[in-house]
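Asker: Sequence first, predicted model second:
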Amino acid sequence: MAWIIFLLLNSGFNSLWGALSKKQLQRHSSVSFSLVFRTMVLLLLVIPAAIHFQVPQRPLFWISASCSGILGAMLTIVVFEGFREDYYSTYALRNASPLFTWVLAVIFLQEPINGWVITATLGVVAGSLFFYRSRSFSRHGLVGAALVGANTIFHKTGIGVSSPYIYPLFSYLFSVGTLGIYSLLHPREKERLTMTIEEWRSILPISVLAFLAAVFGFLAISLAPVTWIAPVARVRLFFGFLLSYFYLKERERWSDKLIGGMLILTSAALIAFVGR
């Protein structure tokens, strides 16, 4: 049951930093913000990695960490580009990722096929789509969902041959490196990298929340199959609904979001307490 607690903490912190970052994204380029933001998270990840330090030796670790870092950077670029075109359809389809995770986990991790898990996964995906009532197709959102699914497989593999403390450090290191190279190769992004000390300080609290979310998320992945983790993690949408309603004052179609959130909660509970 510890994985459920870790995942709820992960979802709560993820929703909180997501809500707080909305104002930051209005002032900064999405790529430059992500680069600074992920760099801060990377520096914070040094703390648990130093406490539980061990030298990764297996080639599979380096393959998983590098691939997940590159995919994480690609996900940032793809999803933010989609946000510019159609935020709601992009975010809705991106949250269809548990379906991709389930298929890839069964194929590559040989995780068991469970009827309850399939039913609950479909329920979570349906709740995610209903949450945003998307009426248009977003190729960015669909690609983002596939990238999340693939990245989850690399996370599970990398943690399996190291630990939930060491793997995130190197995964974020490769992600920051990829975003840095991308920014340097694009003059427009390169010009936006300069930030004042005050701007760095304003991003720090968001990075601390994301660091806590990452720690609890990787701990959860180390304790349970990803076919359980991926759909239950969508509980963050329900937390996000509460924050958007009470903190951001976004109350348009709140009843639709509440229904979608309750469907996600019900489906997640099905996995957590029945489908196992």
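Answerer: Yep, it's here. Nothing here was measured: the structure is a model prediction, and the numbers come from that model.
Asker: Rounded mean pLDDT for the host helix or strand of L184, please.
Answerer: Using DSSP states H and E, L184 falls within helix 166-185. In this model, helix 166-185 carries a mean pLDDT of 93.
Asker: Can you report how many residues lie near W228?
Answerer: For W228, the neighbour count with other C-beta atoms under 10 Å is 28. (C-beta placed from N, C-alpha, C; glycine too.)
Asker: meant to ask about L242, not that
Answerer: Applying other C-beta under 10 Å, we find 15 residues neighbouring L242.
Asker: Skipping adjacent residues, who's closest to it in space?
Answerer: S15 (7.9 Å; C-beta to C-beta, 6 or more residues apart in numbering).
Asker: thinking again about what came up before, show me what the helix holding L184 is packed against.
Answerer: Helix 166-185 sits against helix 30-51, helix 59-94, helix 139-160, helix 187-191, helix 197-223, with contacts defined as 3 or more C-beta pairs under 8 Å, 6 or more residues apart in numbering; DSSP states H and E.
Asker: any idea which of these is most buried?
Answerer: Highest mean neighbour count among these (mean count of other C-beta atoms under 10 Å): helix 139-160, with a mean of 23.
Asker: How far off centre is that one?
Answerer: Here helix 139-160 is found 9 Å from its chain centre; the criterion is C-alpha atoms, centre = their mean, to the nearest Å.
Asker: and the angle for that helix with helix 59-94?
Answerer: Angle, helix 139-160 to helix 59-94, by axes from the mean of the first three to the mean of the last three C-alpha atoms, to 10 degrees: 150 degrees.
Asker: Output the contacting helices and strands for helix 139-160.
Answerer: The contact analysis (3+ C-beta pairs under 8 Å, 6+ apart) places helix 139-160 against helix 59-94, helix 97-108, helix 166-185, helix 197-223, helix 226-232.
Asker: do you know which of these lies nearest A49?
Answerer: helix 166-185 (4.2 Å; C-beta to C-beta).
Asker: List the buried residues of that closest one.
Answerer: In terms of neighbour count (16 or more other C-beta atoms under 10 Å), helix 166-185 has its buried residues at 166-176, 178-180, 182-183.
Asker: ok so, going back, need the contact list for the residue nearest to L242.
Answerer: S15 is in contact with R236, L237, F239, G240, L242, L243, counting by C-beta atoms under 8 Å, 6 or more residues apart in numbering.
Asker: Which of the helices and strands in the chain ranks last by mean pLDDT?
Answerer: Least confident element among the helices and strands of the chain, by mean pLDDT, DSSP states H and E: helix 187-191 (a mean of 60).
Asker: Tell me how far V148 lies from G18.
Answerer: 15 Å (C-beta to C-beta, to the nearest Å).
Asker: no, scratch that, I was asking about L109
Answerer: L109 is 28 Å from G18, by C-beta to C-beta.
Asker: what do you get for L60?
Answerer: For L60, the distance to G18 - C-beta to C-beta - is 31 Å.
Asker: Check D86 too.
Answerer: In terms of C-beta to C-beta, D86 sits 18 Å off from G18.
Asker: Report how many residues lie close to L20.
Answerer: 18.
Asker: whoops, V274 was the one
Answerer: As a measure of burial, V274 has 11 neighbours, counting by other C-beta under 10 Å.
Asker: give the contact list for it.
Answerer: By C-beta under 8 Å, 6+ apart, the contact set of V274 is W116.
Asker: related to what we said a few turns ago, can you add distance to V46 and give the helices and strands packed on helix 139-160 back as a markdown table?
Answerer: Formatted as a markdown table, the helices and strands packed on helix 139-160 follow (distance: least, C-beta to C-beta, whole Å):
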| stretch | distance to V46 |
| --- | --- |
| helix 59-94 | 15 |
| helix 97-108 | 28 |
| helix 166-185 | 7 |
| helix 197-223 | 10 |
| helix 226-232 | 25 |
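Asker: Tell me the one of the buried residues of helix 166-185 nearest H140?
Answerer: For those, the nearest to H140 is Y182 (16.2 Å; C-beta to C-beta).
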